[in-house]
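Novice: Fold the following and give me the result.
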Amino acid sequence: MAIAPRLRELTEGSDVIVGAGEFDFVADLGKFMPMRVIGMLLGIPEEDQVAIRDQIDNGLRLEEGVPNETEYDALASAQVFSDYIKWRAEHPSDDLMTELLNAEFEDQHGTIRTLTHDEILGYVGLLSGAGNETTTRLIGFTGEVLGRHPDQRAELVADRSLINNAIEELLRYEAPSPVQSRYVATDVEVHGQTVPQGSIMVLLNGSANRDERHFPDGDSFDIHRDIGRHQSFGYGIHLCLGAALARLEGRVALDEVLSRFPEWEVDYDKAERAHASTVRGWETLPVRTA
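Specialist: This is a model prediction of the structure:
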């Protein structure tokens, strides 16, 4: 499946951002493009994608002043996909859901088998949630940060070869998923202190991305920065599965916006921050283009 050309088609299909004099980086593009991409990859009909995205958003949203006392249940949240999996089992296609249904592997007991319905359900729920939310926030930050740095935005307009590094710098500078939690499987020593087995560690990868020991002047935004490796996708065996796709979506979205609107100004009076449990960014980010 050729992803990049399809991404451009999906971006071009967002009529809201063409010739309106204003548009919303999140509502009109950030929520539109990732949803269509994940729906396409999973094989979810377009007419159902908006409702599924909204359900995922609601599952992650926090209310101001209301404590979050409910544990997020990924499998329960993914139940919306159950009927699609059953239907796809009888109607295979060129999508990830079909691949998951047919994949064979050796489990921890040495048995060669396929995934159970609930295993596929949890995996599809994870992909849909992660693929929608984080990329949406990346696109929102792209509009906000480049709106505050018009000189660097002008460089991108003039030289599109700078877009790849600009997206990496945006990911470093404003991590869409700034915290990760890990279960400690064995006793481990960190900076002279023993963290016992069974502990939960919360890793502030958003903070690590601005560590002056690795990123000089880390609180500044610079599309020419020699980044090396940031931590926005994690590291090691738990590196974000969708990192390459998120990067590609970010690059295509930015390139297409710059082709339409070389200049914009963020309307902060109408912009609104997202209140979510695992991601950070903008819920709405309206900009004026004329």
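
Novice: Quick check: the residue lying closest to residue 164 once chain neighbours are set aside vs residue 257, distance?
Specialist: Counting by C-beta to C-beta, 6 or more residues apart in numbering, residue 164 lies nearest to residue 251, which is 6.2 Å off, once chain neighbours are set aside. C-betas here are computed from N, CA, C, even on glycine. According to C-beta to C-beta, to the nearest Å, residue 251 stands 11 Å off from residue 257.

Novice: So between those two, which is more surrounded?
Specialist: Set residue 251 next to residue 257 and count neighbours by other C-beta atoms under 10 Å: residue 257 wins out with 23 against 19.

Novice: Phi, psi for that one please.
Specialist: Backbone torsions of residue 257, given as degrees, to the nearest 10, read phi -70, psi -40.

Novice: Identify the residues contacting it.
Specialist: 17, 25, 29, 142, 143 (C-beta atoms under 8 Å, 6 or more residues apart in numbering).

Novice: Need the per-residue pLDDT for the residue nearest to residue 164.
Specialist: At residue 251, the model reports a pLDDT of 95.

Novice: In PDB, list the C-alpha atoms belonging to the helix or strand harbouring it.
Specialist: Secondary structure from DSSP states H and E places residue 251 in helix 243-260. Extracted in PDB, the C-alpha atoms of helix 243-260 (Å, rounded to 0.1, in the frame of the first residue of the first chain):
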ATOM      1  CA  ALA A 243       7.100   6.600  14.600                       C
ATOM      2  CA  ALA A 244       7.800   6.500  10.800                       C
ATOM      3  CA  LEU A 245       4.100   7.000  10.000                       C
ATOM      4  CA  ALA A 246       3.800  10.000  12.400                       C
ATOM      5  CA  ARG A 247       6.900  11.600  10.900                       C
ATOM      6  CA  LEU A 248       5.500  11.100   7.400                       C
ATOM      7  CA  GLU A 249       2.100  12.600   8.300                       C
ATOM      8  CA  GLY A 250       3.800  15.600   9.900                       C
ATOM      9  CA  ARG A 251       6.000  16.300   6.900                       C
ATOM     10  CA  VAL A 252       3.100  15.900   4.300                       C
ATOM     11  CA  ALA A 253       0.800  18.100   6.400                       C
ATOM     12  CA  LEU A 254       3.300  20.800   6.800                       C
ATOM     13  CA  ASP A 255       4.300  20.800   3.100                       C
ATOM     14  CA  GLU A 256       0.700  21.000   2.000                       C
ATOM     15  CA  VAL A 257      -0.100  23.800   4.400                       C
ATOM     16  CA  LEU A 258       2.900  25.800   3.300                       C
ATOM     17  CA  SER A 259       1.900  25.400  -0.300                       C
ATOM     18  CA  ARG A 260      -1.500  27.000   0.500                       C
END
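
Novice: How many residues are close by the closest residue to residue 154 other than its chain neighbours?
Specialist: Closest residue to residue 154 apart from its sequence neighbours, by C-beta to C-beta, 6+ apart: residue 262 at 7.5 Å. By other C-beta under 10 Å, the residues close to residue 262 number 14.

Novice: For residue 262, grab phi and psi.
Specialist: Backbone torsions for residue 262, taken as degrees, to the nearest 10, come to phi -70, psi -20.

Novice: would CSV of the contacts of residue 257 with distance to residue 271 be doable?
Specialist: Formatted as CSV, the contacts of residue 257 follow (distance: C-beta to C-beta, whole Å):
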residue, distance to residue 271
17, 16
25, 9
29, 14
142, 14
143, 10
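
Novice: Check those residues and tell me the two furthest apart.
Specialist: Across these, no pair lies farther apart than 17 and 142, at 13.2 Å, counting by C-beta to C-beta.
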